[in-house]
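Student: A predicted structure for the sequence below; I have some questions about it.
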Amino acid sequence: MMSKAELRTYVLQHSDDEEAFYELSDRIKANAKSVTLEELELELSKRINSQQ
């Protein structure tokens, strides 16, 4: 079993392997943190302001 980083590298090198792509997608979703719209807007504002 590949680590998420190894699987990501594999998917980037083998873009035609749909099974690997969906496995990576599932792993990313499993570790995703849900956020509110307000939290997202605040984070985006912070990032935009830090680039200016």
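Tutor: Alright, I've got the coordinates. Numbering: from 1, shown residues only.
Student: helices and strands around the strand or helix carrying Glu19, which ones?
Tutor: Assigned by DSSP states H and E, Glu19 belongs to helix 18-30. When contacts are defined as 3 or more C-beta pairs under 8 Å, 6 or more residues apart in numbering; DSSP states H and E, helix 18-30 packs onto helix 4-13. All C-beta spots, glycine's among them, are computed from the backbone N, C-alpha and C.
Student: just the angle between the helix it packs on and helix 18-30, please?
Tutor: Counting by axes from the mean of the first three to the mean of the last three C-alpha atoms, to 10 degrees, helix 4-13 lies at 140 degrees to helix 18-30.
Student: ok, Ala20 touching Val11?
Tutor: Yes - between Ala20 and Val11 there is a contact under C-beta atoms under 8 Å: 5.2 Å.
Student: quick one: pLDDT of Ser34?
Tutor: If you check Ser34, the pLDDT there is 89.
Student: for Gln13, see how far away it is.
Tutor: Distance, Ser34 to Gln13, using C-beta to C-beta, to the nearest Å: 31 Å.
Student: which of the two has more neighbours?
Tutor: Counted by other C-beta atoms under 10 Å, Ser34 and Gln13 do not tie: Gln13 has more neighbours, with 9 against 5.
Student: before we move on, back to that, keeping just the C-alphas, turn the helix holding Glu19 into CSV.
Tutor: Presented in CSV, the C-alpha positions along helix 18-30 are these (Å, rounded to 0.1, in the frame of the first residue of the first chain):
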residue,chain,number,x,y,z
GLU,A,18,-8.5,6.0,-13.1
GLU,A,19,-8.5,3.5,-10.2
ALA,A,20,-5.5,5.2,-8.7
PHE,A,21,-7.0,8.6,-9.2
TYR,A,22,-10.2,7.6,-7.4
GLU,A,23,-8.2,6.0,-4.6
LEU,A,24,-6.3,9.3,-4.1
SER,A,25,-9.5,11.3,-4.2
ASP,A,26,-11.1,9.0,-1.6
ARG,A,27,-8.0,9.5,0.7
ILE,A,28,-8.1,13.2,0.3
LYS,A,29,-11.8,13.4,1.1
ALA,A,30,-11.4,11.1,4.2
